[in-house]
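Asker: Could you look at this predicted model? Sequence included:
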Amino acid sequence: MTRPGLSQGSETRKRTGLVVLILCFTTIVFDGYDLVVYGSTVPTLIAYEDWNLDSGGAGLIGSIALVGMLLGTMAAGFLTDRLGRRRIMLGSIVWFSTCMLVTVFAPNEYVFGVLRFLTGIGLGGVVPTCIALTVEFAPKARRNFANAVMFSGYSVGGVIAAVSAMTLLPDINFKFLYLLGALPLVTLLPVAYKFLPESISYLARTGRDDEARATAAQFGVVYEDVVSPEPVAVKSDTAAAQSGMRELFTPRWIRSTILFALANFCGLLLVYGLNTWLPQIMRSAGYALGSALAFLLVLNLGAIVGSISASYIADRIGIQKVVITSFIVAFGAVMLLSVNLPMALLFVFVAFAGLGSVGTQILVGGFCATHYPQRLSANALAWSLGVGRIGAICGPIIGGVIADLAFGYQVNFYVFGTVAVLGAAIVASIPRKAGVSQSGVMAASDRSGASAS
């Protein structure tokens with residue numbers, strides 16, 4: 001029986017990795033929409049008379065969704081070795097879309113919070129799977145660029161959420177915005193089921209080498225770029241039967257594994273802190289709701305343009321240098337947002353903050369995916385993003401605490417700026433070559449997914 005997306009002789013037409021890129025991009029668009037729509041509706045939720053939400057409660061709900069993402073991401077990391085990336089992706093789409101549909105009928109803030117948590121579980125499986133599949137099916141020399149284009153879908157979703165809120169909130173109930181998040185059930189899911197291939201590295205790892213080679217040939221992927229035999233020097237360092245998740249904590253990889261988790265902590269704190277609270281922060285600074293939502297729109301537009309441009313450079317000069325620079329850009333832009341500046345200049349710095357927050361997180365994901373061999377990339381992404389979700393959870397909570405304690409909206413930017421500096425230092429500490437052991441001895445070169453730095 002022919003599997004969807006698998007070449008079986010002359011029956012299946014040749015495709016390209018662009019198919020995978022488009023499907024993953026579209027999935028991440030909905031992922032971004034479903035997350036950013038909450039930040040777009042926070043001012044309305046706080047003012048909603050039928051519910052009793054204050055800033056602290058709104059921050060808690062925002063964080064609860066990210067706790068769900070933490071669990072979903074970690075679950076995806078453990079299950080991907082058993083179920084494959086295709087099943088994880090399809091299952092995640094069904095899960096988060098169904099939860100968004102049910103959210104429309106939430107009778108109170110408590111049920112709403114529970115449903116945001118459940119939605120987060122489904123969204124958590126999407127990001128590491130999309131990154132791993134995109135990198136695997138992209139041309140080897142363009143992996144960072146392909147990942148950035150794919151992950152820019154998060155900001156596209158954020159733009160759609162901001163524009164939808166600006167356009168619709170004055171006239172309709174905020175719950176309609178959550179209904180839009182259920183569209184993948186009838187749009188994306190059927191297409192992904194038919195065209196999304198299984199991971200080549202997963203097929204090879206599970207003994208289905210003929211299917212792996214057929215899929216690689218069908219999608220124009222060089223099989224050896226994805227699945228290459230381990231050098232003897234590497235085999236001596238790793239038990240032959242080790243699982244991908246366990247191997248991340250062997251001497252060969254443990255330093256990178258810890259540092260990528262910390263880098264994701266910083267990046268995700270910036271992303272979700274700003275996307276959840278920027279409209280409300282700017283309202284506290286005296287701007288009208290429409291203008292405050294416009295800042296969220298510009299933040300995500302800046303992330304789209306900035307991350308794609310930065311990734312193009314990263315494929316040429318090394319992604320590690322670009323990620324460090326992006327974190328530093330975040331620091332400068334966020335700190336300048338605390339200053340009373342003309343509106344036009346504020347929009348410029350918000351755009352740079354988009355590059356430095358959302359854009360940097362996109363680059364961190366691409367760096368992680370290309371730092372490890374393909375057989376480990378999904379596990380590495382799931383682990384680092386899973387731990388990083390703790391930072392994502394902290395972002396909304398920090399905004400809520402600062403608002404409740406009346407410290408002044410500027411304190412948000414001081415905290416975010418400090419996190420950006422810390423992120424730059426962490427990324428600078430990641431080994432420049434994949435496979436450096438703790439003893440400092442370089443393992444034999446593994447060209448399947450080595451760092452571009």
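Answerer: That came through, no problem. Residues are numbered from 1 along each chain as shown.
Asker: C-alpha only now, for contacts and for neighbours.
Answerer: Fine.
Asker: State the pLDDT value of the most centrally placed residue in the chain.
Answerer: Among the residues of the chain, residue 127 comes closest to the average C-alpha position under CA atoms, centre = their mean, at 4.8 Å. Looking at residue 127, its pLDDT is 83.
Asker: what's in contact with the helix or strand containing it?
Answerer: Taking DSSP states H and E as the definition, residue 127 sits inside helix 126-137. Residues from elsewhere that reach helix 126-137, judged by CA atoms under 8 Å, 6 or more residues apart in numbering: 17, 20-21, 24-25, 27-28, 31, 73, 76, 85, 88-89, 92-93, 143-144, 146-147, 150-151, 199-200, 219, 221, 226, 365-366, 369-370, 374, 377-378, 381-382, 385.
Asker: lowest-pLDDT helix or strand in the chain?
Answerer: Ranked by mean pLDDT, DSSP states H and E, the helix or strand of the chain with the weakest confidence is helix 232-235, at a mean of 40.
Asker: low-scoring stretches of the stretch 251-400 of the chain, by residue?
Answerer: 289-290 (pLDDT under 70).
Asker: Just name whatever secondary elements the helix or strand harbouring residue 293 is in contact with.
Answerer: Assessed by DSSP H and E, residue 293 sits inside helix 289-317. On a contact count with 3 or more CA pairs under 8 Å, 6 or more residues apart in numbering; DSSP states H and E, helix 289-317 meets helix 17-47, helix 143-168, helix 254-284, helix 319-336, helix 343-354, helix 360-371.
Asker: looking at these, which is closest to residue 117?
Answerer: Taking CA to CA, helix 17-47 is the member of the helices and strands packed on helix 289-317 nearest to residue 117, at 11.2 Å.
Asker: returning to what we had before: distance of the residue nearest to the centre of the chain relative to residue 164?
Answerer: Plainly put, residue 127 is 23 Å away from residue 164 if you go by CA to CA, to the nearest Å.
Asker: do residue 41 as well
Answerer: Taken as CA to CA, the span from residue 41 to residue 164 is 10 Å.
Asker: buried ones in the helix holding residue 293?
Answerer: Buried residues in helix 289-317, counted by 16 or more other CA atoms under 10 Å: 289-315.
Asker: Tell me what angle that helix forms with helix 319-336.
Answerer: Here the directions of helix 289-317 and helix 319-336 differ by 160 degrees (axes from the mean of the first three to the mean of the last three CA atoms, to 10 degrees).
Asker: And helix 289-317, how far out from the chain middle?
Answerer: How far helix 289-317 lies from its chain's middle: 14 Å, per CA atoms, centre = their mean, to the nearest Å.
Asker: Over to stretch 72-86?
Answerer: When distances are taken as CA atoms, centre = their mean, stretch 72-86 is centred 16 Å away from the chain's centroid.
Asker: Show me which parts of that stretch are buried, residue by residue.
Answerer: Result for stretch 72-86 [16+ other CA under 10 Å]: buried residues 72-81, 84-86.
Asker: what mean pLDDT would you report for stretch 22-32?
Answerer: Mean pLDDT, stretch 22-32: 94.
Asker: contact partners of it?
Answerer: Residues contacting stretch 22-32 (CA under 8 Å, 6+ apart): 93, 123, 126-127, 130-131, 133-134, 149-158, 181, 184, 188, 192, 196.
Asker: on that earlier part again, with just CA atoms, put the helix holding residue 127 into CSV.
Answerer: Extracted in CSV, the C-alpha atoms of helix 126-137 (Å, rounded to 0.1, in the frame of the first residue of the first chain):
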residue,chain,number,x,y,z
VAL,A,126,4.0,21.7,16.0
VAL,A,127,7.2,23.8,16.3
PRO,A,128,9.9,21.2,16.7
THR,A,129,8.3,19.0,14.1
CYS,A,130,8.0,21.7,11.6
ILE,A,131,11.6,22.9,12.1
ALA,A,132,13.0,19.3,11.8
LEU,A,133,11.0,18.5,8.7
THR,A,134,11.8,21.8,7.0
VAL,A,135,15.5,21.5,7.6
GLU,A,136,15.5,17.8,6.5
PHE,A,137,13.9,18.5,3.2
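Asker: Setting the sequence-adjacent residues aside, check what's closest to residue 213.
Answerer: residue 223 (6.3 Å; CA to CA, 6 or more residues apart in numbering).
Asker: does residue 121 sit in a helix, a strand or a coil?
Answerer: At residue 121 the chain is in helix, as set by DSSP: H, G, I helix; E, B strand; the rest coil.
Asker: Give the burial count for it, as a bare number.
Answerer: Residue 121 has 27 neighbours, counted by other CA atoms under 10 Å.
Asker: Next: residue 108.
Answerer: Neighbourhood size, residue 108 [other CA under 10 Å]: 11.
Asker: How about residue 173?
Answerer: Residue 173 has 12 neighbours, counted by other CA under 10 Å.
Asker: ok, and which of the helices and strands packed on helix 289-317 has the densest surroundings?
Answerer: helix 360-371 (a mean of 29; mean count of other CA atoms under 10 Å).
Asker: Name the next helix or strand downstream of it, please.
Answerer: helix 374-404.
Asker: How about that next one, which residues are buried there?
Answerer: Within helix 374-404, judged by 16+ other CA under 10 Å, the buried ones are 374-403.
Asker: thinking again about what came up before, got the helices and strands packed on helix 289-317 as CSV, with distance to residue 415 columns?
Answerer: Listed next are the helices and strands packed on helix 289-317 as CSV, based on distance: least, CA to CA, whole Å:
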stretch, distance to residue 415
helix 17-47, 19
helix 143-168, 23
helix 254-284, 9
helix 319-336, 9
helix 343-354, 14
helix 360-371, 17
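Asker: Residue 414 is nearest to which of these?
Answerer: Of all the helices and strands packed on helix 289-317, helix 319-336 sits nearest to residue 414, with 6.2 Å by CA to CA.
Asker: neighbours around residue 169, how many?
Answerer: For residue 169, the count of nearby residues is 18 (other CA under 10 Å).
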